[in-house]
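> Provide a 3D model corresponding to the input given below.
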Amino acid sequence: MAYHPNHTACARSTLVATLETFEVRQLHGMFYIRQPRALGLETHQTFLDWLYGLGPEASLTPVIHDMRACDFDQIGTETVKAWVHQGSRNRSRRTTPRAIVVGSESAFGTMRMFQILSDARSVTDETKMLLTYSLAEAVRWLRHHRQSARLRRAAASGG
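Numbering: from 1, shown residues only. Modelled structure (predicted):
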């Protein structure tokens, strides 16, 4: 797995890593991952290995998976089940908000299956995962979740 740190500001984001065929950027306190056109188990595992390798705090950072360029035509149920199984290695991410941005109806259907299976197998909490066609909506939704978490922490600490 290639990990190439590069802290050059790019627009409003910072390139954090290039992992084989996709890139990870830091955007508004969340990770933005632009997925490659070709998806597969190895690609998904490469991302998870990198994320879990950052440590507990970073692995709980909200994530936007931009999958608009991905080709979902060859992704079947078995691959989706395998993705869920791979994600089960770190159940601490269950309540971490994440948004998945897709560009086609087949992608939406495939990732909706992922969302349902992940929730059913306690890998993720379905209410913490947004599936959308809009990157702007994904950013707004994750910002809202982050703000809500801050308010809950402040209320719990009496501040």
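> When you work out contacts or count neighbours from here on, use the C-alpha atoms and nothing else.
OK.
> Looking at the longest helix anywhere in the chain now, give me its mean pLDDT.
Using DSSP state H to define each element, the chain has its longest helix at helix 135-156. Taken as a whole, helix 135-156 has an average pLDDT of 82.
> Mind giving me the packing neighbours of it?
Helices and strands touching helix 135-156, as assessed by 3 or more Cα pairs under 8 Å, 6 or more residues apart in numbering; DSSP states H and E, comprise strand 63-66, strand 98-101, strand 129-132.
> which of these sits most buried?
Among the helices and strands packed on helix 135-156, strand 98-101 has the highest mean neighbour count (mean count of other Cα atoms under 10 Å), at a mean of 25.
> Can you list the helices and strands that it packs against?
strand 63-66, strand 129-132, helix 135-156.
> separation between residue 81 and residue 113?
Remark: distance between residue 81 and residue 113 (Cα to Cα, to the nearest Å) = 9 Å.
> still on that earlier bit, to residue 33, which of the helices and strands packed on helix 135-156 lies closest?
strand 63-66 (4.9 Å; Cα to Cα).
> Next secondary structure after whichever strand or helix holds residue 26?
Following DSSP states H and E, one finds residue 26 within strand 22-27. Remark: after strand 22-27, the chain's next helix or strand is strand 30-34, criterion DSSP H and E.
> Could you check the angle that next one makes with strand 22-27?
For strand 30-34 against strand 22-27, the angle by axes from the mean of the first three to the mean of the last three Cα atoms, to 10 degrees is 150 degrees.
> Sheet partners, orientation included, of strand 30-34?
strand 22-27 (antiparallel), strand 63-66 (parallel) (DSSP bridges).
> Pull out the buried positions in the following helix or strand past that strand.
Counting by DSSP H and E, the next helix or strand C-terminal to strand 30-34 is helix 41-53. Residues of helix 41-53 classed as buried by neighbour count (16 or more other Cα atoms under 10 Å): 43, 46-48, 50-52.
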